[in-house]
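J.: take this sequence and fold it.
(one chain, ligands or ions: 2)
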Amino acid sequence: MTHKILLIAGDGIGPEIVGAAEDVINALRSRFGFNCELEHALMGGCAIDAHGTALPDVTLERARACDAIVLGAVGGPKWDKVERAIRPERGLLKLRSELDLFCNLRPAVLFPALVDASTLKPEVVSGLDIMIIRELTSGIYFGQPRGIETTADGKRRGYNTLAYTEDEIVRIARRGFEVARQRNRRLCSVDKANVLEVTELWREIVQNMASEYPDVEVSHMYVDNAAMQLVRAPKQFDVLVTDNMFGDILSDLASMLTGSIGMLPSASLNADNKGMYEPIHGSAPDIAGKNVANPLATILSASMMMRYTLGEAALADKVEAAVSRVLEQGLRTADIATAGCRTVGTREMGAAVIAALQ
Ligand code: IPM
Ligand code: MG
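T.: Ligands and ions are numbered 1, 2, ... in the order given. Presented below is the predicted three-dimensional model:
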């Protein structure tokens, strides 16, 4: 079976990190018989420049037609002045929404070799392996009404809407329970039920579903406490499930437990496990084109794609083992550099992962 993979490099460091992931995919192809067809498409600021829109129709069509997508990152100062409704980030949100990629998996795993790269004490983070599940196509990111208006007194007022339907909560919570079942069977649902009605409903629904999963231990935590606990004692968690905005924030926080945001991959899945795979970091315009970006989050995203969408778990294992080996050899990009290690660029890191594949 030929897997159809769409590569969307995007803006900033996107082309460099997706290039590194593409090289890894090609190595899997030539050395381990991975059968795939690669296509490319534009999205984000580069698509605004070329087509006047962040998500051109041809990109959306290709995205619908492929089995899986690897995405770099979108956005940058060049497009900050573009009208809000057509900014690069809106293209990404529209793609997530059009493909119904509601389930965002953001694993925060500390590679043993990076225990000193984290700003937290080694004993707090060593052995860390948690999974944040973020609802990705609803909540405040998509709620209507939204906007900035001028009120009767001539002053402006900005507003967004946080809303979830029962069905939206059930389907993401179900993923939470199922993922917990594959892991250590502990699910923590994160909300702000003491203040926000919508998350009061969230908590009630998750709690009601718990009886269907008697083997999973469920807990609930307010988001402010969860942020504190993630820094205080992150290993208490196994799987966290939360809404779109809380998940956005907590996953950036969790990334620093693993040494760098440059290490964290993600999977965004629809109901059939079709997926888009992207690093959780942004386009880092300040270091774009300098061969210093860390390509590992994108390479690990490609590895998640092998596992979750393409059914190629053995290849995913190979890529993850190769990343681990390279880190053990002491190779580091600037973001994870520690004393005594060798600092290398994006291309060298990508090549080292390929050389370490076995
Ligand atoms: C992420 C990013 C995006 C988000 C931005 C770029 C729209 O921060 O994937 O976490 O907020 O979802
Ligand atoms: Mg984010």
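J.: tell me the domain boundaries of the protein?
T.: Described in terms of automatic domain parsing, the domain architecture of the chain consists of the residue ranges 1-105+265-358, 119-258.
J.: could those domains go into JSON lines alongside mean neighbour count?
T.: The C-beta positions use only the backbone N, C-alpha and C, and glycine is treated the same way. Compiled in JSON lines, these are given as follows (neighbours: other C-beta atoms under 10 Å):
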{"stretch": "domain 1-105+265-358", "mean neighbour count": "20"}
{"stretch": "domain 119-258", "mean neighbour count": "17"}
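J.: in CSV: those domains, plus mean pLDDT and distance to ligand 1.
T.: As requested, the domains of the chain are exported to CSV (pLDDT from 0 to 100; distance: least, C-beta to the nearest ligand atom, whole Å):
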stretch, mean pLDDT, distance to ligand 1
domain 1-105+265-358, 97, 4
domain 119-258, 97, 5
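J.: distance to Phe111 added to those, as CSV?
T.: What follows is these, written out as CSV (distance: least, C-beta to C-beta, whole Å):
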stretch, distance to Phe111
domain 1-105+265-358, 5
domain 119-258, 7
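J.: residue nearest the middle of this protein, spatially speaking?
T.: Per C-alpha atoms, centre = their mean, the C-alpha nearest to the average position across the chain is that of Ser266, at 3.0 Å.
J.: Gly330 versus that residue, what's the distance?
T.: Noted for Ser266: a distance of 27 Å to Gly330, by C-beta to C-beta, to the nearest Å.
J.: kindly report the same for Ser301.
T.: With distances taken as C-beta to C-beta, Ser301 is found 24 Å from Gly330.
J.: show me the helices in the chain, by range?
T.: Taking DSSP state H, the helices of the chain run over residues 14-32, 45-51, 57-65, 88-98, 122-125, 166-182, 197-209, 223-232, 244-255, 296-308, 313-328, 346-355.
J.: for the nearest residue to Leu310 once chain neighbours are set aside, name its beta-bridge partners.
T.: Using C-beta to C-beta, 6 or more residues apart in numbering and skipping residues adjacent in sequence, the residue nearest Leu310 is His3, 5.1 Å away. Beta bridges link His3 to Cys36 when assigned by DSSP bridges.
J.: who's in contact with His3?
T.: Under the criterion of C-beta atoms under 8 Å, 6 or more residues apart in numbering, the contact list for His3 reads 34-37, 67-68, 310, 312.
J.: rerun at 10 Å
T.: If a contact means C-beta atoms under 10 Å, 6 or more residues apart in numbering, then His3 has 25, 34-38, 66-68, 305-306, 309-312 as its contacts.
J.: farthest pair in those?
T.: Based on C-beta to C-beta, the longest span within those runs between Leu38 and Gly311 and measures 17.9 Å.
J.: now do the contacts for Arg84.
T.: The contact partners of Arg84, by C-beta under 10 Å, 6+ apart, come to 90, 146-148.
J.: okay then, goodbye and thanks.
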